[in-house]
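Student: A structural model of the following input is requested.
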Amino acid sequence: MQRKSLYQDIRKIREDMTQPEIIYEDEAILVCHKPAGVATQTKRLGQKDMESILKNYIVGKKRVEGSTQPPYIGIVHRLDQPVEGVMVYAKTPQAAAKPQCSRELTHARAAVLAWSLLYIFRVVLYTFWLMALLALVAAACLASSVSAAATAAFISA
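Tutor: All right, here's what the predicted structure looks like:
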């Protein structure tokens, strides 16, 4: 079995990424999860980035609502391409101008905190589940080795 390289894994994530994981959204800002391997913004043709993914997401929503205005996405901050994390984007030029002063950013911070706590809870829960599974496997292995030894002793007696 041949193991794929990290570069191939990241490339696959970039190709599959079409729908963003939205954490919070209102009329002024959008908060979403940026996976590792996806650029925040790029000028390369054919390479998906968060800006174009979010513009496509907004165009899809506006198409349902009947609006024909082109989407605006203002990048409030950046994360490096190999880094995953939570990103805040402005949906209006006014929100992009002074994001730290807006009331919406306070709501977004609360949503990010809630999402982060949920993510940590999922990791802890997964870790405990994995430890319980390993304990069951170890107990089954121990029980089978004890019963095999007892069977061998019974047969030889």
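
Student: and the spatially closest residue to residue 32 that is not a sequence neighbour, what does it touch?
Tutor: Sequence neighbours aside, residue 20 is the residue nearest to residue 32 in space, at 4.5 Å (criterion: CB to CB, 6 or more residues apart in numbering). C-beta: built from backbone N, CA, C; applies to glycine. With contacts defined as CB atoms under 8 Å, 6 or more residues apart in numbering, residue 20 is in contact with 32, 33, 50, 53, 54, 57.

Student: my read: the last one touches residue 19, true?
Tutor: Yes - Residue 57 is in contact with residue 19 according to CB atoms under 8 Å; the separation is 6.9 Å.

Student: what about residue 112, helix or strand, and which?
Tutor: For residue 112, the host element (DSSP states H and E) is helix 103-156.

Student: In CSV: the contacts of residue 20, plus neighbour count and distance to residue 135.
Tutor: Converted to CSV, these look like this (neighbours: other CB atoms under 10 Å; distance: CB to CB, whole Å):
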residue, neighbour count, distance to residue 135
32, 20, 37
33, 16, 32
50, 25, 41
53, 18, 41
54, 20, 43
57, 19, 43
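
Student: and the two most separated of those?
Tutor: Farthest apart among the contacts of residue 20 by CB to CB are 33 and 57. That separation is 12.8 Å.

Student: Which positions in the one helix or strand residue 60 maps to come out as buried?
Tutor: Taking DSSP H and E as the definition, one finds residue 60 inside helix 50-65. For helix 50-65, a neighbour-count test (16 or more other CB atoms under 10 Å) marks 50, 51, 53, 54, 55, 57, 58 as buried.

Student: next one: stretch 37-51
Tutor: Buried residues in stretch 37-51, counted by 16+ other CB under 10 Å: 37, 38, 39, 40, 48, 49, 50, 51.

Student: what separates it from the chain centre, distance-wise?
Tutor: Taking CA atoms, centre = their mean, to the nearest Å, one finds stretch 37-51 lying 17 Å from the centre of the chain it belongs to.
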